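Peer 1: predicted coordinates and the sequence they were generated for:
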Amino acid sequence: MKNKSQVLVWTLYDFANSSYAVIIVAFVFAVFFTDVVCAKEPIGDFYWSLGINISMIASAILNPVFGALADRTSNKKLFLLIFTLLAVIPTALMYFTGAGTILFGLTLFIVSNIGFQTAMTFYDAFISDIAEEKDYNKVSSLGYAVGYLGSLAAVLMVFPLKDNYPLLFVLTAVFFFVFSLPALIFLKEKKIEHPREEINYITYGFTKVFDTVKHINRYKNLRNFLLSYFLYIDSVETIIFFSGIYAGKTLHFGTVELALFFIVVQITAMIGSLIFSKIGDSLGIKRSIVINILFWIAILVFIFFFVDVDSYLNIGGAKIHYFFIAGGFAGTFLGSTQSLSRALMTELTPFEVKTEFFGFYALFDKTSTLLGPLTFGLVSWLTGSQKIAIFSITAFFIAGLWLLKYVKEEKEESIARN
């Protein structure tokens, strides 16, 4: 692998931002907001879901627009810096949140999550700058593995600061920014020469995006992959959002059990990313994604039929809950599904429009989080069973798997457009 130093500083960004994903989005601030800021009022869950939806929709709109601008200006690193700061500064200001600061806390979360989610577009698009095509899968997998190592480090920070969450939010911001610096300083970007002409940067991004949407059918392979990705990653994201809620409400896990569960998932996700780096190279990326989806379906079937409150496996006198076993397998395919998808997207996309299309990749990722959670919540409400709700998510995996068969593992030819 060439440019090993570039790959190293690139992966450190994944290590850095994983602290935000775990501490703010998935675990601590989510609980702090509903339990402390909203005083455990039922409307707190609504406010939190509202914050997620607003930030995801805003990021979904911004991603392709700023992606097109980054392609035009060959300045991904500047946009990466801007949106990183947009995530880090509000995270540090969460130190001042507390009981009753609902609007303040929710605003900080929305702004920081927009920064976090949008920055990933520019981070992902750097793969083809730092690696050769034959190494895309290896580099993508390595990034996710290092990212899950960062997630594990973040979870471990929770234990000594479990009684001082505001300080934990500040340390999360510091962690994020400090480990982002190598990428923000040392990453090298390939420059593309564009005709010298005066353009309006405010309208250029939107115009370019509308043009891409208009001509998306001319990139049929990418279109088919993005539609497939939208469906199967929707299932993965739904499992991420609701695994903790499912464990807490249906299986009655306590805080310590939940923390241990997240540690198991982070470790196995890191291992899975590395394992499928090898498998993807030998079997092909698309085929490896198919294997991942089939295992995801098997995991949900296992949870539906075999995992209950009292489902334990006895090993040498030690009792291990079946959900920990399911979480271990889910973690294995969590990291690999994401890393393989990013590698395939990089492989299919023409170089000169890569950031723009990674913006669409991010758009499909972000908007998919609206469909799956809505389905889960609706099914859970109508049936009164989270087991049925989690099982219903298999439908999105099956639909994504069906669409994936129309994707050819080859790069699209670039289409010149005025």
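Peer 2: Cool, got the structure.
Peer 1: only C-alpha atoms for contact and neighbour calcs from this point on.
Peer 2: OK.
Peer 1: where does the stretch 201-350 of the chain have low pLDDT?
Peer 2: Regions of the stretch 201-350 of the chain meeting the criterion pLDDT under 70 cover residues 201-206, 208-209, 211-216, 241, 244-245, 248-249, 255.
Peer 1: now do the strands in it.
Peer 2: Secondary structure of the stretch 201-350 of the chain, counting by DSSP state E, counting those that start in this stretch: strands at 312-315, 318-321.
Peer 1: which other helices and strands does the first one contact?
Peer 2: It refers to strand 312-315. The contact analysis (3 or more CA pairs under 8 Å, 6 or more residues apart in numbering; DSSP states H and E) places strand 312-315 against strand 318-321.
Peer 1: follow-up on the earlier one: and the strands of the stretch 201-350 of the chain as a markdown table, adding mean neighbour count?
Peer 2: Putting the strands of the stretch 201-350 of the chain into a markdown table (neighbours: other CA atoms under 10 Å) gives the following:
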| stretch | mean neighbour count |
| --- | --- |
| strand 312-315 | 12 |
| strand 318-321 | 12 |
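Peer 1: turn the ones you listed into TSV, columns for distance to Ser180.
Peer 2: Output for the strands of the stretch 201-350 of the chain, formatted as TSV (distance: least, CA to CA, whole Å):
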stretch	distance to Ser180
strand 312-315	41
strand 318-321	37
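Peer 1: which stretch among those strands comes nearest Asp163?
Peer 2: With CA to CA as the measure, strand 318-321 is the member of those nearest Asp163 (27.5 Å).
Peer 1: pairing partners for the closest one, with directions?
Peer 2: Strand pairing for strand 318-321, determined by DSSP bridges: strand 312-315 (antiparallel).
Peer 1: hang on, Lys190 in a strand?
Peer 2: No - using DSSP: H, G, I helix; E, B strand; the rest coil, the assignment for Lys190 is coil, not a strand.
Peer 1: tally of neighbours for the residue lying closest to it once chain neighbours are set aside?
Peer 2: Counting by CA to CA, 6 or more residues apart in numbering, the nearest residue to Lys190 once its immediate chain neighbours are dropped is Asp129, at 5.9 Å. Residues lying near Asp129 (other CA atoms under 10 Å) number 17.
Peer 1: likewise Phe304?
Peer 2: As a burial measure, Phe304 scores 17 neighbours (other CA under 10 Å).
Peer 1: in space, what's closest to it - neighbours in sequence excluded?
Peer 2: Nearest to Phe304 is Lys387, by CA to CA, 6+ apart, at 5.6 Å.
Peer 1: Ala259 now?
Peer 2: Val155 (7.3 Å).
Peer 1: correct me, but the one you found touches Ala21?
Peer 2: No - taking CA atoms under 8 Å as the definition, Val155 is not a contact partner of Ala21, at 10.5 Å.
Peer 1: ok, back up a step: the helix or strand hosting the residue nearest to Ala259: how far from the chain's middle?
Peer 2: If you go by DSSP states H and E, Val155 is part of helix 136-158. Put simply, helix 136-158 sits 12 Å off its chain's centre (CA atoms, centre = their mean, to the nearest Å).
Peer 1: so which bits of that helix are buried?
Peer 2: Of all the residues in helix 136-158, those buried under the rule 16 or more other CA atoms under 10 Å are 136-155, 157-158.
Peer 1: so which elements touch that helix?
Peer 2: Applying 3+ CA pairs under 8 Å, 6+ apart, one finds that helix 136-158 makes contact with helix 4-20, helix 127-130, helix 165-186, helix 255-283, helix 322-348.
Peer 1: put together JSON lines for the ones you listed, with distance to Phe376 on each row.
Peer 2: Below are the helices and strands packed on helix 136-158 laid out as JSON lines (distance: least, CA to CA, whole Å):
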{"stretch": "helix 4-20", "distance to Phe376": "25"}
{"stretch": "helix 127-130", "distance to Phe376": "34"}
{"stretch": "helix 165-186", "distance to Phe376": "30"}
{"stretch": "helix 255-283", "distance to Phe376": "20"}
{"stretch": "helix 322-348", "distance to Phe376": "18"}
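Peer 1: wait, isn't the residue nearest to Phe304 in contact with Phe302?
Peer 2: No - the criterion here is CA under 8 Å, and Lys387 misses it with Phe302 at 10.7 Å.
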